[in-house]
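K.L.:
Got a sequence here, can you model it:
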Amino acid sequence: MIYDCIVIGGGVIGTAVLDRLARYNMNVLLLEKEDDVASFTTRANSGIVHAGYDCDPCTAKARFNVRGNELMWRDAQELDVPHLKCGSIVVATAEQRDKLEALAQKAAKNGVEVKILDREQTFAIEPNVADCIEYSLYAPSAGIISPYQLAIAYADRAILNGAKIELCSPVTAIKKTANGYLATTPSGEYESKIVVNCAGANGAEINDLAGAEHYETTYRRGDYFVLDNSERKNVHTVIFPLPTAAGKGILVAPTADGNVIYGPTAVDTSDTSDTATTRESLDSIRANVPLSYKCAAFNKCIRVYAGLRTLIGHDFVIKQSDVLENFIMAIGICSPGLSSAPAIAEYIEDIVTGKLDPAKKENTISVMPKRKRLTELSDGEIDALIAKDSAWGRIVCRCEKVTEAEIVEAIHSPLAATTVDAVKRRTRAGMGRCQGGFCGPRVMEIISRELNIPLSEVKKGGGASIARYRVKEVE
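P.N.:
Residues are numbered from 1 along each chain as shown. As a prediction, the model looks like this:
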């Protein structure tokens, strides 16, 4: 088969692009090198939907952030992804008020609604800002979303609308053909009229494989603390310090799933495998959080993690290649990449459909069926579900109150969850206080049973094995 379009990369940008292209009478395919989408940069994203006030005016970041914010809340509703439009504040001391004014001027140029608040107004929105804070810049259009669940939902809807996704398929070569391009992976070759490069940290490498423009790439590691959900009551909005040249600074934010995060740091690195937290970075977060937030509770930490942002110059690179026909790139997507994802996808949709002029499909799925989550159900609803399926009465993850039925549903979703980490991203089983210490073995047993594979073949994620063999083997 010759595909109309191949999307390379299964992060939030690639899955959003695939979701939009799947609405047309085209054969579209996404190639992802890992065993699930949202497995690298997207899984470690802070989940902040930025308003767009701090982007330099007239840049791609400003354009796509502001438009992406507008589209995000619609997409989240349609896809049934956890989200909250809670607003954000940038906090400042009395001596820093002029810097808030400068941000407000940027916001005006970008068309973003903001307001400078005094101490009393700030405390009305967020009573737990640090005592030294006298002013804040309030952006009501900001909020939070689950980044990995967003990417997974885009992928699921794309599949239901006819798209295909090949996991465990890193692209190792791209050759120009009479019909377009031939992408080679360890599992096979795929030919397509158009290629869209959304490969994240490997975006420049994919460009080089195809013979497109070469871009020097740098990376910036961001370390985070994740706090127990008991801390959620203390954080009402996203709390930013004043931004610096290194980024938006170390924030305090609720998550869409009920936790609180502190971070990220901004550590330059040249190593795409540099996702291990360091003592120096975590100490930096410990030192900076109290400058903006007076309820720092590092003793409630349940996990630390780090992710990588990819930088190519000072702006996103989203364009049709100047040297290759029908080769489109969306690379160098650092912050505010998540917020920009729906708008980037919309833009690439226009480029691809402008080239191929396909008709729109009839009867595509726009609104995904609402997922049943135990924590959102009434007692009566739970009783009714248990009467039909006893798996709703078996709680597997005690911390997050996830049932066996929810895990089974994830395993058999359009983009099947076949690893422990994939189940975790879809259901939150393993994301609570014990971090999978209690539910992990049970999740493995359910995956083994549902996929009809030996327990020793159940992977954690990324190809990592968990159970190699039984402790008491029988010859």
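K.L.:
Look up the residues forming beta bridges with the closest residue to K115 other than its chain neighbours.
P.N.:
Excluding its sequence neighbours, the residue lying closest to K115 (C-beta to C-beta, 6 or more residues apart in numbering) is Y138, at 5.0 Å. Every residue, glycine included, has its C-beta placed from N, CA and C. Beta-bridge partners recorded for Y138 (DSSP bridges): I89, K115.
K.L.:
L29 too?
P.N.:
With DSSP bridges as the rule, L29 is bridged to I6, K164.
K.L.:
residue contacts, it?
P.N.:
Neighbour list for L29: 3, 5-7, 163-166, 190, 192 [criterion: C-beta atoms under 8 Å, 6 or more residues apart in numbering].
K.L.:
What segments of the stretch 351-475 of the chain are helices?
P.N.:
379-388, 404-411, 420-427, 440-451 (DSSP state H, counting those that start in this stretch).
K.L.:
Go through those and name the closest to P186.
P.N.:
Evaluated over these, closeness to P186 peaks at helix 420-427, with 19.9 Å, by C-beta to C-beta.
K.L.:
Could you list every helix and strand that that closest one packs against?
P.N.:
helix 147-160, helix 404-411, helix 440-451, strand 459-461 (3 or more C-beta pairs under 8 Å, 6 or more residues apart in numbering; DSSP states H and E).
K.L.:
so how far is G180 from N326?
P.N.:
Distance of N326 to G180, given as C-beta to C-beta, to the nearest Å: 6 Å.
K.L.:
Please enumerate the shared neighbours of those two.
P.N.:
Common neighbours of N326 and G180 (C-beta under 8 Å, 6+ apart) are 193-195.
K.L.:
of all those residues, which comes closest to I174?
P.N.:
Nearest to I174 among the shared contacts of N326 and G180 is V195, at 6.9 Å by C-beta to C-beta.
K.L.:
so who does the closest one touch?
P.N.:
V195 neighbours (C-beta under 8 Å, 6+ apart): 5-6, 8, 174, 180-181, 183, 210, 326-328.
K.L.:
Throw those into a markdown table and include pLDDT and distance to K248, thanks.
P.N.:
Shown next, in a markdown table, are the contacts of V195 (pLDDT from 0 to 100; distance: C-beta to C-beta, whole Å):
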| residue | pLDDT | distance to K248 |
| --- | --- | --- |
| C5 | 98 | 33 |
| I6 | 98 | 33 |
| I8 | 98 | 28 |
| I174 | 98 | 34 |
| G180 | 97 | 39 |
| Y181 | 98 | 37 |
| A183 | 98 | 35 |
| A210 | 98 | 33 |
| N326 | 98 | 36 |
| F327 | 98 | 32 |
| I328 | 98 | 28 |
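K.L.:
which one of the residues you listed has the most neighbours?
P.N.:
I8 (30 neighbours; other C-beta atoms under 10 Å).
K.L.:
How much space separates it from V252?
P.N.:
Taken as C-beta to C-beta, the span from I8 to V252 is 35 Å.
K.L.:
How is this structure divided into domains?
P.N.:
Residue ranges of the domains in the chain are recorded as 1-83+145-215+312-370, 88-140+218-311, 374-465, according to automatic domain parsing.
K.L.:
Highest mean neighbour count out of these?
P.N.:
domain 1-83+145-215+312-370 (a mean of 21; mean count of other C-beta atoms under 10 Å).
K.L.:
Next step: the contacts of V195 restricted to helices.
P.N.:
Among those, the members falling in helices are A210 (criterion: DSSP state H).
K.L.:
hang on, the earlier thing: I'd like to know which of the contacts of L29 is nearest to Q96.
P.N.:
V7 (42.9 Å).
K.L.:
my guess is the closest one contacts V37, does it?
P.N.:
No - here V7 does not reach V37: they are 11.0 Å apart, not a contact under C-beta atoms under 8 Å.
K.L.:
Overlap of the contact sets of those two?
P.N.:
14, 30.
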